[in-house]
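Asker: Sharing a model that was predicted from the sequence below.
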Amino acid sequence: MSAAKTYTYKEVAEANGHVIINDKVYDVSEFVNEHPGGDEIIIELFGRDVTQDFEDIGHSPDAIKTLAKLYKGDVDTTSEKVVFEQEQNTENAQPQPNFTKIAFLLVAVAVFLYYRSA
Ligand code: HEM
């Protein structure tokens, strides 16, 4: 751990297969192949702060232990943030799941099933 390094957001974004969780930098380039949740889900997020994603899944203490082994250093939180295109889209997108759309879909399915069984 003595070799811990401080990274700027830009350095993390440009490194190969690093992610940020709680302001710590992890090299997950090798780990993605073993990730029980699949590699794609993390590869898509390389270079980013995945704290929210990691916590939303409710990863186990085991997963947190694995994470500790991949620790590379800390992020310089005063460095300039990197804006990712996809992130921008999500921010501009509707914040709430579209209830009307879901309700409409359910009705459509119900109607379909009704007519199919008639
Ligand atoms: C970056 C470090 C990560 C590590 C070390 C890690 C580790 C793990 C481990 C050990 C599991 C097995 C279940 C458990 O023990 O909780 C797991 C499951 C999972 N992970 Fe991760 N994960 C990481 C990042 C992520 C990220 C960023 C996402 C989402 C964007 C993600 C999505 C998932 C999903 C969806 C599962 C559930 C698989 C299932 O139950 O079918 N993981 N992860």
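Answerer: Nice, I can see it. Residues are numbered from 1 along each chain as shown.

Asker: What are the buried residues along stretch 4-12?
Answerer: 7-9, 11-12 (16 or more other CB atoms under 10 Å). Quick note: C-beta positions are derived from backbone N, CA and C, even for glycine.

Asker: mind listing which of those are in helices?
Answerer: In this view, those that belong to helices under DSSP state H are 9, 11-12.

Asker: if we can go back for a sec, would you turn the buried residues of stretch 4-12 into CSV with distance to the ligand?
Answerer: Listed next are these as CSV, based on distance: CB to the nearest ligand atom, whole Å:
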residue, distance to the ligand
7, 15
8, 19
9, 17
11, 17
12, 12
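
Asker: could I get these as TSV with distance to residue 37?
Answerer: Formatted as TSV, those follow (distance: CB to CB, whole Å):
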residue	distance to residue 37
7	24
8	28
9	24
11	26
12	21
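
Asker: Mind pulling up the pLDDT for residue 37?
Answerer: With respect to pLDDT, residue 37 has a value of 96.

Asker: number of nearby residues for the closest residue to it other than its chain neighbours?
Answerer: Once flanking residues are discounted, residue 37 sits nearest to residue 57: 6.8 Å by CB to CB, 6 or more residues apart in numbering. Look at residue 57: counted by other CB atoms under 10 Å, it has 11 neighbours.

Asker: again with residue 20
Answerer: 22.

Asker: Give the bridge partners for it, please.
Answerer: With DSSP bridges as the criterion, residue 20 is bridged to residue 25, residue 49.

Asker: right, and it touches residue 49 too?
Answerer: Yes - counting by CB atoms under 8 Å, residue 49 is a contact partner of residue 20 at 4.2 Å.
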